[in-house]
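Undergrad: predicted model and sequence below, questions to follow.
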Amino acid sequence: MNLKTLFLTNNDCYKSGKRHMVKGIMVHSTGANNPWLKRYVGPDDGLLGPNPYNNHWNTPKPGGRSVCVHAFIGKLQDGSIATYQTLPWDMVGWHSGSGSLGSAKNANNNGYIGFEICEDDLTDASYFNKVYTEAVELCAYLCKKFNLDPLADGVLICHSEGHKRGIASNHSDVMHWFPRHGKNMDMFRAAVKAEMAKTDTPAQTGHPIIGKPTATVGQAKEWAKNSGATSLFISLADIFWKLAPSAGVDPVVAYCQSAKETGYGKFGGVLNETFKNPCGLKTKSGGSNSDPNAHQRFTSWEEGIQAQIDHLALYAGAAGYPKAGTPDPRHFPYLKGTAPTVEQLGGKWAPSTSYGTDIVAMMNKLKATKEPAPAPSPGVMYYVQTGAYSNKANADAQYYKVKAAGFDAIIKQSGGLYRVQVGAFSVKQNAENLAAKLKAAGFDTYITTTSGTQVAPGHEPKQAAKPVKQNKLLQ
């Protein structure tokens with residue numbers, strides 16, 4: 001399958017933003033002799049080729065009609081075959097029309113993805129076989145993504161089959177074309193089932209959502225600070241790094257996604273801090289992006305962040321998901337495993353195809369941020385003590401003796417004692433060197449880490465006594 005993406009963002013269907021739970025797939029064909037994708041998909045991305053009439057479906061109402069499908073299959077400018085996804089798969093399309101059961105029960109409103117195969121003149125077997133194979137591979141891909149069984153009743157049908165069921169308008173596609181080349185929908189469904197059974201799956205590329213933390217919470221806070229985040233958003237990093245690893249989610253993914261969704265905690269859209277919603281999660285029933293009431297309010301930031309993490313884990317296909325008791329209001333089982341990488345969140349979590357790559361760019365900057373050095377601690381200081389006394393007068397006398405011997409002494413009070421100390425050193429060896437000098441001068445010494453509040457000495461005696469060796473140190 002040659003799958004590419006170009007959402008029809010100007011189409012009124014896309015603008016409506018209505019979502020659905022995918023339950024089936026409806027196959028259409030265009031009914032016009034024009035196999036070129038550029039007729040329906042635009043503007044030109046360099047592969048489609050120019051459409052001189054500019055009559056593609058990336059307009060509010062193509063041809064004056066309210067129509068839009070999730071994908072087209074047809075020819076690129078170079079003649080090769082490709083599939084272009086034109087709506088998010090979980091967005092309601094306008095492709096089935098209504099049948100005998102009415103609009104409320106048509107395929108559009110009941111979870112059907114719809115795609116169109118661009119018709120030629122219906123006689124080219126080579127072209128038919130190529131687009132038929134592409135359609136089989138697309139449906140196998142979608143059935144795997146949304147856990148659909150193509151052989152189950154009503155899951156994979158064409159437009160004409162939908163009409164017979166009362167859920168689509170009276171069109172003949174694709175049964176006016178497939179039989180001309182020896183195919184029918186039963187054969188198509190069987191081919192999709194066989195394609196799903198193939199074991200060779202392409203290697204996953206991109207940045208996985210599931211994994212151990214790829215940066216520290218310190219890096220995250222510094223990155224957020226450097227990015228102009230609010231103090232609240234910076235503080236929320238601790239919660240992300242606490243909760244995400246338990247779900248197997250890399251907290252870097254969740255934190256950067258929250259930064260994108262909230263503008264680094266500044267919000268500014270329809271949500272504000274009172275929602276305690278870190279990622280724009282909507283309520284179960286959803287609604288317009290511009291409607292605040294369509295978005296979930298959480299009772300705490302812990303609850304909101306847990307909901308975001310659970311939603312990411314579900315998209316990534318984490319073990320144990322979907323899970324019971326999650327605060328995630330949109331914990332739909334069909335989402336499981338639909339976006340194992342951050343890049344794949346584009347067009348799924350949010351309509352923009354660059355959504356995931358934008359988050360990856362933020363992740364790369366966060367991981368390149370150096371964690372700030374820890375604030376220096378006061379450290380241990382060593383003091384040379386020549387006496388400790390409960391009586392201040394005794395401390396005063398010792399102080400003047402030490403001073404008379406030529407040492408710069410001070411008196412500190414702590415623990416009910418007056419301590420006569422000399423020097424303060426961060427290196428213990430330096431304290432030991434001074435202690436040796438004091439001992440040589442006749443003083444007993446003691447090296448301690450206990451400091452205290454400095455107090456002034458009393459009046460100096462009229463005649464200071466010569467230094468005498470003390471019998472005992474009180475400590």
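TA: The structure has been received and is ready for your questions. Residues are numbered from 1 along each chain as shown.
Undergrad: grab the nearest non-local neighbour of residue 138.
TA: Spatial nearest neighbour of residue 138, excluding adjacent residues (Cβ to Cβ, 6 or more residues apart in numbering): residue 83 at 5.3 Å. All C-beta atoms are positioned from the backbone trio N, CA, C, and that covers glycine.
Undergrad: I'd like to know which elements the helix or strand hosting that neighbour is packed against.
TA: For residue 83, the host element (DSSP states H and E) is strand 81-85. Under the contact definition 3 or more Cβ pairs under 8 Å, 6 or more residues apart in numbering; DSSP states H and E, strand 81-85 sits against strand 3-5, strand 71-75, helix 125-145.
Undergrad: lowest average pLDDT across those?
TA: Note on the helices and strands packed on strand 81-85: lowest mean pLDDT is at strand 3-5, with a mean of 87.
Undergrad: other residues contacting that strand?
TA: 45, 47, 82, 83, 84, 85, 138, 141, 347, 353 (Cβ atoms under 8 Å, 6 or more residues apart in numbering).
Undergrad: following that strand, which helix or strand comes up?
TA: Assigned by DSSP H and E, the successor of strand 3-5 is helix 12-16.
Undergrad: now the very next helix or strand once past that next one and strand 71-75, what's the angle there?
TA: Toward the C-terminus, helix 12-16 is succeeded by strand 24-29 as the next helix or strand (DSSP H and E). Put simply, strand 24-29 runs at 30 degrees to strand 71-75, going by axes from the mean of the first three to the mean of the last three Cα atoms, to 10 degrees.
Undergrad: what about dumping the CA coordinates of strand 24-29 to PDB?
TA: Output of strand 24-29 as PDB, limited to C-alpha atoms (Å, rounded to 0.1, in the frame of the first residue of the first chain):
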ATOM      1  CA  GLY A  24     -17.200  -0.700   9.400                       C
ATOM      2  CA  ILE A  25     -15.800   0.200   5.900                       C
ATOM      3  CA  MET A  26     -17.800   1.200   2.800                       C
ATOM      4  CA  VAL A  27     -16.100   0.900  -0.600                       C
ATOM      5  CA  HIS A  28     -17.100   3.400  -3.300                       C
ATOM      6  CA  SER A  29     -16.000   4.200  -6.800                       C
END
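Undergrad: note down every partner strand of that strand and its orientation.
TA: Paired neighbours of strand 24-29 in the sheet (DSSP bridges): strand 112-117 (parallel), strand 156-158 (parallel).
Undergrad: and the ones you listed as a markdown table, adding distance to residue 256 and mean neighbour count?
TA: Listed next are the strands paired with strand 24-29 as a markdown table, based on distance: least, Cβ to Cβ, whole Å; neighbours: other Cβ atoms under 10 Å:
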| stretch | distance to residue 256 | mean neighbour count |
| --- | --- | --- |
| strand 112-117 | 30 | 26 |
| strand 156-158 | 38 | 24 |
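Undergrad: for residue 333, find the nearest of these.
TA: When those are compared by Cβ to Cβ, strand 112-117 sits nearest residue 333, at 16.8 Å.
Undergrad: run through who's touching that closest one.
TA: Strand 112-117 is contacted by residues 22-30, 40, 69-74, 83, 89, 93, 95-96, 107-108, 131, 135, 138, 142, 162, 167, 174 when judged by Cβ under 8 Å, 6+ apart.
Undergrad: returning to what we had before: the strand holding residue 83 pairs with which strands, and in what direction?
TA: Strand 81-85 is paired, per DSSP bridges, with strand 3-5 (parallel), strand 71-75 (antiparallel).
Undergrad: circling back: return the most buried member of the helices and strands packed on strand 81-85.
TA: Across the helices and strands packed on strand 81-85, the average number of neighbours (mean count of other Cβ atoms under 10 Å) peaks for strand 71-75, which reaches a mean of 25.
Undergrad: re earlier: JSON lines for the helices and strands packed on strand 81-85, including distance to residue 248?
TA: Shown next, in JSON lines, are the helices and strands packed on strand 81-85 (distance: least, Cβ to Cβ, whole Å):
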{"stretch": "strand 3-5", "distance to residue 248": "28"}
{"stretch": "strand 71-75", "distance to residue 248": "32"}
{"stretch": "helix 125-145", "distance to residue 248": "20"}
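Undergrad: residue 415: which of those is closest?
TA: Taking the helices and strands packed on strand 81-85 one by one with Cβ to Cβ, helix 125-145 is closest: 71.6 Å.
Undergrad: what angle separates the closest one from strand 71-75?
TA: 150 degrees.
Undergrad: ok but residue 410 is inside a helix, no?
TA: No. In this structure, residue 410 is strand, not part of a helix, as judged by DSSP: H, G, I helix; E, B strand; the rest coil.
Undergrad: hang on, isn't it packed against residue 418?
TA: No. Counting by Cβ atoms under 8 Å, residue 410 does not reach residue 418; the two are 10.7 Å apart.
Undergrad: list the buried ones in stretch 218-234?
TA: In terms of neighbour count (16 or more other Cβ atoms under 10 Å), stretch 218-234 has its buried residues at 218, 219, 220, 221, 222, 223, 224, 229, 230, 233, 234.
Undergrad: also stretch 56-71?
TA: By neighbour count on 16+ other Cβ under 10 Å, the buried set for stretch 56-71 is 56, 57, 58, 62, 67, 68, 69, 70, 71.
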